[in-house]
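>>> structure for the following, please:
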Amino acid sequence: MRPQSAMPATAPVDLPGKLAHLADPRSPQGRRHSLAGVLLCALCAMLAGARHLRAIGQWADAAPQHTLIRLGCRITCAALGTRTAPSPATIRRVLLALDPEALAALTRPDTLQVVAVDGKTLRGSATATETAVHLLAALTPNRRLVAQVRVPAGTGEIDALAVLLNGLDLAGVMVTADALHTQNDTATHLVEELHTDYVLGVKRNQKTLFSQVKALPWAQAPTLGTTRDRGHGRAETRTVKAIDLAGRTGFPHAVQAVRVRRYVRDLRTGEVSWTCAYAVTSLEVGQADAARVGALVRGHWGIEAWHHVKDVSLGEDACKVHSGHGPDNLAALRAVALVFLGRLGQDTVPDAIRWVSYEAFTRPLDVIGLR
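The predicted structure follows:
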């Protein structure tokens with residue numbers, strides 16, 4: 001009889017069902033383990049604290065029979081009902097060959113309202129002869145991965161953005177992106193071809209637009225929203241102002257400019273610092289109040305925290321995998337793992353990982369809803 005975990009067996013997505021429909025990149029000849037079983041092993045190992053392919057393989061090797069039964073691993077002794085986990089080599093081959101687009105879409109919601117776009121370099125994937133893999137990802141505000149593409153070497157995120165959003169139904173969806181994507185062609189593509197609205201950061205990489213937005217009469221504009229937060233030894237106050245552009249810039253479809261000013265006070269020293277962030281949006285004044293626009297800007301900043309968690313808690317930058325689709329698929333699995341870890345109610349992701357690891361061969365399966 002397998003041990004029982006205290007974790008309720010409910011899941012935010014039907015992960016086993018979605019995995020069952022993925023196209024298997026392996027030849028049917030000699031295939032011994034189901035694709036779903038291999039990927040579930042990798043994900044469960046990651047939830048229990050595995051950070052690289054070797055550790056994932058070790059978790060699979062050590063998994064007891066009650067775990068292998070729940071994972072649906074193949075039966076190797078019919079008389080005894082004994083099951084065998086996929087080998088580390090099998091797990092590696094699958095993760096290097098699997099189409100990363102399918103894996104990236106596992107936790108994508110059925111409907112989208114806001115999509116944030118941001119890039120990340122997987123520093124550990126660099127070799128003596130190859131640059132590090134750079135991924136461009138689209139996320140929902142609650143950090144579910146919508147899509148992910150690799151930025152080809154020698155190109156940049158700007159070119160990869162259209163590929164990333166291709167095939168997604170984004171009509172009526174809000175797209176946010178940092179200042180790198182504040183380009184005329186990008187704004188035109190989003191509004192006229194994808195029928196989305198946008199909030200795009202404005203920095204000095206667009207010198208003319210930045211000068212125009214910064215020079216707007218912000219002092220005369222009323223403060224339309226204020227939020228206050230405390231945490232990590234700091235008190236932070238954010239004020240939001242918006243100004244109708246009324247044709248003051250030539251940026252395509254830009255209707256409003258937004259300024260978010262952050263005042264940060266160190267609770268220990270009392271030292272105060274402040275920063276200003278600017279953005280332009282295609283939203284009409286009547287479509288979005290300052291609270292919503294400010295939330296969209298702040299929500300985009302949260303992606304940096306998501307990247308930080310993947311690095312520090314899930315070891316993304318330390319991962320040395322560079323072959324095939326391995327970097328892309330491991331990054332997508334980390335994103336899936338964060339969705340499940342985030343619903344455990346723990347204070348931090350490391351707390352959630354430790355809680356899972358205390359019953360490393362039962363709790364990961366409970367978390368993802370395996371019976």
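
>>> neighbours of residue 107, just the number please.
21 (other Cβ atoms under 10 Å). C-beta: built from backbone N, CA, C; applies to glycine.

>>> now residue 229: closest residue in space, sequence neighbours ignored.
Distance criterion Cβ to Cβ, 6 or more residues apart in numbering; nearest residue to residue 229, sequence neighbours excluded, is residue 236 at 4.9 Å.

>>> can you pull out the strands in the chain?
74-77, 82-84, 114-122, 133-139, 145-150, 174-177, 197-202, 225-231, 234-244, 256-266, 272-281 (DSSP state E).

>>> ok, and what's touching the fifth one?
Just to be clear, that refers to strand 145-150. Identification of contacts with strand 145-150 by Cβ atoms under 8 Å, 6 or more residues apart in numbering yields 100-101, 104-109, 112, 115, 133-140, 160, 163-165, 168, 327-328, 331-332, 335-336.

>>> and what of the shortest one?
Applying Cβ under 8 Å, 6+ apart, the contact partners of strand 82-84 are 65, 68-69, 73-76.

>>> report the strands that pair with that strand, each with its relative direction.
Using DSSP bridges, strand 82-84 pairs in its sheet with strand 74-77 (antiparallel).

>>> show residues contacting the strand it pairs with.
32-34, 37, 81-84.

>>> repeat the analysis, applying 10 Å as the threshold.
31-34, 37, 68-69, 81-86 (Cβ atoms under 10 Å, 6 or more residues apart in numbering).

>>> and it, how far from the chain's centre?
36 Å (Cα atoms, centre = their mean, to the nearest Å).

>>> could you do stretch 352-365 as well?
With Cα atoms, centre = their mean, you get 22 Å for stretch 352-365.

>>> give me the buried positions along that stretch.
For stretch 352-365, burial by neighbour count (16 or more other Cβ atoms under 10 Å) applies to 352-353, 355-356, 359-365.

>>> equivalent analysis for stretch 165-183, please.
Within stretch 165-183, the residues scored as buried using 16+ other Cβ under 10 Å are 165, 168, 170, 173-183.

>>> same thing with stretch 124-133?
Applying 16+ other Cβ under 10 Å to stretch 124-133 flags 124-125, 133 as buried.

>>> what is the end-to-end distance of it?
Start and end residues of stretch 124-133 are separated by 9 Å (Cα to Cα, to the nearest Å).

>>> name the residues that touch that stretch?
For stretch 124-133, the surrounding residues in contact (Cβ under 10 Å, 6+ apart) are 52, 120-123, 134-135, 150-151, 153-154, 311, 315-323, 325-328, 330-331.

>>> quick one, which of those are buried?
Here, 16+ other Cβ under 10 Å leaves 52, 120, 122, 134-135, 150-151, 311, 315-317, 319, 321-322, 325-328, 330-331 buried among the contacts of stretch 124-133.
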